[in-house]
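Student: Could you work out the structure for the sequence below:
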Amino acid sequence: MVLLLYPKNIKTNYNKVIIDLKDYIGDLPKYKFDNNYVWSYENIKVNRFININTDFVRFIGYYLSEGGCGKTKKQIKFTFNIKEKEYVNELCSLITNIFGSGIVPIIKELPEKNSINVL
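Tutor: Numbering: from 1, shown residues only. All right, here's what the predicted structure looks like:
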């Protein structure tokens, strides 16, 4: 469970500062894991342990404001204005830092829609 609080000055005790993705895949046969990574049939390895830190919270903020599911529901995507390349670069860096170097975001510029998608 992830807890996002507002305003910043709320004081609380956090009982979990790391998410173990193994806890969320259960016994699903499609997913495999070892001591460091989780992966599926596609063999794209994702960090098994996700730290709840400023990078993660920033990533969640981007997802809430710019994110959504792709058409196949197997990926998430983010849509930015074509002038927001600074945010696109930051998001790509966050994705790699949080989920691991095996996750390489795909950037698609759509000038006809005045937007950039990050998949």
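Student: drop to CA atoms for contacts and neighbour counts, all remaining ones
Tutor: Noted.
Student: Contact partners for Asn36?
Tutor: Under the criterion of Cα atoms under 8 Å, 6 or more residues apart in numbering, the neighbours of Asn36 are 47-49.
Student: quick check, nearest of those residues to Phe80?
Tutor: Asn47 (25.8 Å; Cα to Cα).
Student: Contacts only, for that closest one.
Tutor: Shown in contact with Asn47 (Cα under 8 Å, 6+ apart): 36-38, 98-100.
Student: The same query, at a cut-off of 10 Å, please.
Tutor: Each residue near Asn47 by Cα atoms under 10 Å, 6 or more residues apart in numbering is listed here: 20-21, 33-39, 96-103.
Student: neighbours around the residue nearest to it when sequence neighbours are not counted, how many?
Tutor: The spatial neighbour of Asn47 that comes closest, neighbours along the chain excluded (Cα to Cα, 6 or more residues apart in numbering), is Tyr37 at 4.6 Å. Residues near Tyr37, counting by other Cα atoms under 10 Å, number 18.
Student: Could you do Ile50 as well?
Tutor: Ile50 is flanked by 17 other residues according to other Cα under 10 Å.
Student: List the contacts of it.
Tutor: 17-21, 56, 97-100.
Student: The same query, at a cut-off of 8 Å, please.
Tutor: Contact criterion Cα under 8 Å, 6+ apart gives 18-21, 98-99 as the residues in contact with Ile50.
Student: Could you export those to CSV, including columns for pLDDT, distance to Ile60 and neighbour count?
Tutor: Output for the contacts of Ile50, formatted as CSV (pLDDT from 0 to 100; distance: Cα to Cα, whole Å; neighbours: other Cα atoms under 10 Å):
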residue, pLDDT, distance to Ile60, neighbour count
Ile18, 91, 15, 13
Ile19, 92, 14, 15
Asp20, 92, 17, 17
Leu21, 92, 16, 16
Ile98, 97, 11, 19
Phe99, 96, 13, 19
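Student: tell me which of these is nearest to Val88?
Tutor: If you rank the contacts of Ile50 by distance to Val88 using Cα to Cα, Ile98 comes first, at 15.4 Å.
Student: Restrict the longest helix seen in the chain to CA atoms and write it as PDB.
Tutor: Among the elements of type helix in the chain, defined by DSSP state H, the one spanning the most residues is helix 85-99. Only the C-alpha atoms of helix 85-99 are listed here, as PDB (Å, rounded to 0.1, in the frame of the first residue of the first chain):
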ATOM      1  CA  LYS A  85      10.700  18.000 -23.200                       C
ATOM      2  CA  GLU A  86      12.200  18.800 -19.800                       C
ATOM      3  CA  TYR A  87       9.500  16.800 -18.100                       C
ATOM      4  CA  VAL A  88       9.800  14.000 -20.600                       C
ATOM      5  CA  ASN A  89      13.500  13.700 -19.900                       C
ATOM      6  CA  GLU A  90      12.900  13.800 -16.100                       C
ATOM      7  CA  LEU A  91      10.300  11.100 -16.300                       C
ATOM      8  CA  CYS A  92      12.500   8.800 -18.400                       C
ATOM      9  CA  SER A  93      15.300   9.200 -15.800                       C
ATOM     10  CA  LEU A  94      12.900   8.500 -13.000                       C
ATOM     11  CA  ILE A  95      11.600   5.300 -14.700                       C
ATOM     12  CA  THR A  96      15.200   4.000 -15.200                       C
ATOM     13  CA  ASN A  97      16.200   4.900 -11.600                       C
ATOM     14  CA  ILE A  98      13.100   3.300 -10.000                       C
ATOM     15  CA  PHE A  99      12.500   0.300 -12.100                       C
END
